[in-house]
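J.: requesting a structural model of the entry that follows:
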Amino acid sequence: MRVFCPTVLADIGSDVLKLVILMSMTDNDLRQHE
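T.: I've put the predicted structure just below:
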């Protein structure tokens, strides 16, 4: 059974992508400050 429609999956995917980008950006900032 497919519970999620493609739009919901796309929204989740974009949110995860933003989170990964944000974490990588903050990680780079922390490394630069050390």
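J.: pLDDT score for residue 14?
T.: Residue 14 carries a pLDDT value of 94.
J.: gap between it and residue 30?
T.: 25 Å (CB to CB, to the nearest Å). All C-beta spots, glycine's among them, are computed from the backbone N, C-alpha and C.
J.: so where is this protein shaky, pLDDT-wise?
T.: Applying pLDDT under 70 to the chain flags residues 1-4, 34.
J.: can we see that at 50?
T.: Across the chain, nothing is flagged by pLDDT under 50.
J.: could you pull out the helices for it?
T.: Counting by DSSP state H, the chain has these helices, from start to end: 6-33.
J.: got the buried residues for stretch 5-21?
T.: For stretch 5-21, the buried set under the neighbour-count rule, 16 or more other CB atoms under 10 Å, is empty.
J.: for that stretch, list the C-alpha coordinates in CSV.
T.: C-alpha atoms of stretch 5-21 as CSV (Å, rounded to 0.1, in the frame of the first residue of the first chain):
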residue,chain,number,x,y,z
CYS,A,5,1.5,10.6,-2.5
PRO,A,6,4.4,11.8,-4.6
THR,A,7,4.0,15.4,-3.5
VAL,A,8,4.4,14.4,0.2
LEU,A,9,7.5,12.4,-0.7
ALA,A,10,8.9,15.4,-2.6
ASP,A,11,8.2,17.7,0.4
ILE,A,12,10.0,15.3,2.7
GLY,A,13,12.9,14.9,0.3
SER,A,14,13.3,18.7,0.0
ASP,A,15,13.2,19.1,3.8
VAL,A,16,15.8,16.4,4.2
LEU,A,17,17.9,18.0,1.5
LYS,A,18,17.7,21.4,3.3
LEU,A,19,18.7,19.7,6.6
VAL,A,20,21.7,18.0,5.1
ILE,A,21,22.8,21.2,3.4
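J.: how far does it sit from its chain's centre?
T.: 7 Å (CA atoms, centre = their mean, to the nearest Å).
J.: just stretch 13-30 next, same as before
T.: Distance, centroid of stretch 13-30 to centroid of chain: 6 Å (CA atoms, centre = their mean).
J.: same question for stretch 20-32.
T.: Taking CA atoms, centre = their mean, the mean C-alpha location of stretch 20-32 is offset from the chain mean by 12 Å.
J.: roughly how far does residue 29 sit from residue 10?
T.: Look at residue 29 and residue 10: by CB to CB, they are 29 Å apart.
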